[in-house]
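# Using only what follows, build the 3D model:
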Amino acid sequence: MQTTIEKDGDGYLAKVEGHPNLFAFAYSKQEAIVELKNVVEMIMDYHLEQVNSERIIRNELASYAMN
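Numbers count the residues shown, from 1 in each chain. This is a model prediction of the structure:
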């Protein structure tokens, strides 16, 4: 994966190639990188929550199978 930072109007757009939801805009390159890191962390947290929910469902279904 490649991260790019490019001038965009009055600021900078940081994005991860091949991942359309991983992008951030800020008024400096450094701020754009920090914001992109925050976006990645938010998406990782979201996916972790999804996995945890799916584990709970799987465990509930497994308990039904044992009855």
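# so the residue nearest the centre of the chain is in which element?
Geometric centre of the chain, nearest residue: Ile43, 2.5 Å, by CA atoms, centre = their mean. For Ile43, the element it lies in under DSSP states H and E is helix 29-66.
# so which strand or helix has Thr4?
Counting by DSSP H and E, the element that carries Thr4 is strand 3-8.
# Each with direction, which strands does the helix or strand just after that strand pair with?
If you walk from strand 3-8 toward the C-terminus, the next helix or strand you reach (DSSP H and E) is strand 11-16. Strands flanking strand 11-16 in the sheet, each with its direction: strand 3-8 (antiparallel), strand 23-26 (antiparallel) (DSSP bridges).
# Low-confidence stretches in the chain?
Filtered on pLDDT under 70, the chain yields the residue ranges 67.
# again, only this time at 90
Within the chain, the set of residues satisfying pLDDT under 90 comprises 1, 63-67.
# so how far is stretch 38-52 off the chain centroid?
6 Å (CA atoms, centre = their mean, to the nearest Å).
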